[in-house]
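sequence below, structure please.
(4 chains)
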2 protein chains.
Amino acid sequence: MQNRPAALTMDAVYTKPGYLFRRMQQIAVAIFMEECREFDLTPVQYAALVAIQTHPGIDATRLSAVIAFDRSTLGSVIERLQAKGLIERAASAEDRRVKLLTITKAGAALLRDIVPAVERAQARMLQPLKAADRKTLMTLLSQLVDLNNEASRVPLRAEDALEHLGRAG
Amino acid sequence: MQNRPAALTMDAVYTKPGYLFRRMQQIAVAIFMEECREFDLTPVQYAALVAIQTHPGIDATRLSAVIAFDRSTLGSVIERLQAKGLIERAASAEDRRVKLLTITKAGAALLRDIVPAVERAQARMLQPLKAADRKTLMTLLSQLVDLNNEASRVPLRAEDALEHLGRAG
DNA sequence: GCGAGATTGTCAGTATACTGTCAATCTAGA
DNA sequence: TCTAGATTGACAGTATACTGACAATCTCGC
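Below you'll find the model as predicted:
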């Protein structure tokens, strides 16, 4: 009897970290979009815009490392930000393959205006938990993401890891 | 001076729950796909397959409630599972709008074979944390997903909430 | 200075996700 | 019974994501 595998129930899905991470991501995006509706900016576009403002003249490949988004995916994100007039692309003088990204005045203004809505969204995601539990969750999640960094296709390479890199890494 | 907003740094992204949930979801999918490579099944397809086996004759709308996936998205997922011969669709005798889903022998066999790989993947996601921290994280995440259930477009409606529903809810 | 190998941006293909819409169909109330 | 409203599956449109490929370009060893 002990060799008979347990019957498969939905708990084979519900209690698994993979399922919970997916659900939480869906919920987080929904809350973000709701709070930021008037700004017409997605979470990914927001992260890219912050990174471009923080690193003026960054190229797409480095941007992908700084926010840990796939380079392929980033192409269309950049295109949309440019179409909205929030960023500009200029050819690099040193490397003709590279296109440098900078934020426009409109982009900087949008970023300034959207921050309160983003803060509200982030707060709402954790709001159902007690303050102490929020802190615990964030600490553990930060650790886990950091320790699993290499498991994703595009590991995060924070800005300090890029600073001393030459144009060709 | 205290009214001057702090300069925007990447911490405006890195330390936010929304960003961490996205990264963790990316990492979780990457690990799942790696462990389950030989079975050619995505996390979403796995969840759908488990739900169809657990609820033989379920329709697409209820399936979407049981795994909390969007009904629109589920259409193509079902199509792919059917194309692989893992599930079957049959018209309902009672309601001509409805198509009932059942798992095939091939689907059940795949599910039986893939379980160890899924278990390995789920374990790997949390592996970098200490055992006690894993438990804490899962507990808090379960609570948070549950308490935020209504915030997503498709809230989870577990099977017991569906059992006593008539065909038209 | 030249060619092997790496890098950059781009693209095609596949797979989630969500919004909004639609025709076919069903249910329930007047 | 007849119809207003709800439901179902499907679809179009947009936006992430990842794989794998490619031409243009750059770097570095020789």
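
please see if stretch A:143-162 touches chain B.
Yes: looking at stretch A:143-162 against chain B by CB under 8 Å from any CB of the partner chain, the contacts come from A:143, A:144, A:145, A:147, A:148, A:151, A:152, A:153, A:156, A:158, A:159. To be clear about C-beta, it is placed using only N, CA and C from the backbone, and glycine gets the same treatment.

quick one: contacts of that stretch?
If you take CB atoms under 8 Å, 6 or more residues apart in numbering or on different chains as the criterion, stretch A:143-162 is touched by A:54-55, A:62, A:64-71, B:10, B:14, B:20, B:23-24, B:26-27, B:30-31, B:124-126, B:128-129, B:133, B:137.

report the buried residues of it.
Under the neighbour-count criterion of 16 or more other CB atoms under 10 Å in any protein chain shown, stretch A:143-162 has A:144, A:145, A:148, A:149, A:151, A:152, A:154, A:156, A:157 buried.

in helices only, show me those.
Here DSSP state H is the test, and these give A:144, A:145 as lying in helices.

so which of the buried residues of stretch A:143-162 comes closest to residue A:98?
Distance to residue A:98, by CB to CB, is smallest for residue A:157 among the buried residues of stretch A:143-162, at 17.0 Å.

how near is that closest one to DNA strand C?
From residue A:157 across to DNA strand C, the span is 11 Å (CB to the nearest atom of the strand, to the nearest Å).

quick one, phi/psi of that residue?
Backbone dihedrals for residue A:157, given as degrees, to the nearest 10, come out at phi -120, psi 100.

pull the host helix or strand of residue A:82 out as CSV, backbone CA atoms only.
Using DSSP states H and E, residue A:82 sits within helix A:71-83. Output of helix A:71-83 as CSV, limited to C-alpha atoms (Å, rounded to 0.1, in the frame of the first residue of the first chain):
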residue,chain,number,x,y,z
ARG,A,71,17.1,41.3,-25.0
SER,A,72,14.6,40.1,-27.6
THR,A,73,11.7,41.2,-25.6
LEU,A,74,13.3,44.5,-24.9
GLY,A,75,13.3,45.5,-28.5
SER,A,76,9.6,46.0,-28.7
VAL,A,77,9.5,47.6,-25.3
ILE,A,78,12.0,50.2,-26.4
GLU,A,79,10.1,50.7,-29.6
ARG,A,80,6.9,51.5,-27.7
LEU,A,81,8.6,53.8,-25.3
GLN,A,82,10.1,55.7,-28.3
ALA,A,83,6.7,55.7,-30.1
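
go through it and flag the buried ones.
Result for helix A:71-83 [16+ other CB under 10 Å]: buried residues A:74, A:77, A:78, A:80, A:81.

what do you get for stretch A:59-71?
Using 16+ other CB under 10 Å as the test for burial, stretch A:59-71 gives A:59, A:60, A:62, A:63, A:64, A:65, A:66, A:67, A:68, A:69.

between the two ends of stretch A:124-140, what distance do you get?
End-to-end span of stretch A:124-140 (CA to CA, to the nearest Å): 19 Å.

so which bits of that stretch are buried?
Buried residues in stretch A:124-140, counted by 16+ other CB under 10 Å: A:124, A:125, A:126, A:128, A:129, A:133, A:134, A:136, A:137, A:138, A:140.

wait, isn't the first one in contact with residue A:33?
No: using CB atoms under 8 Å as the test, residue A:124 is too far from residue A:33 to be in contact (11.8 Å).
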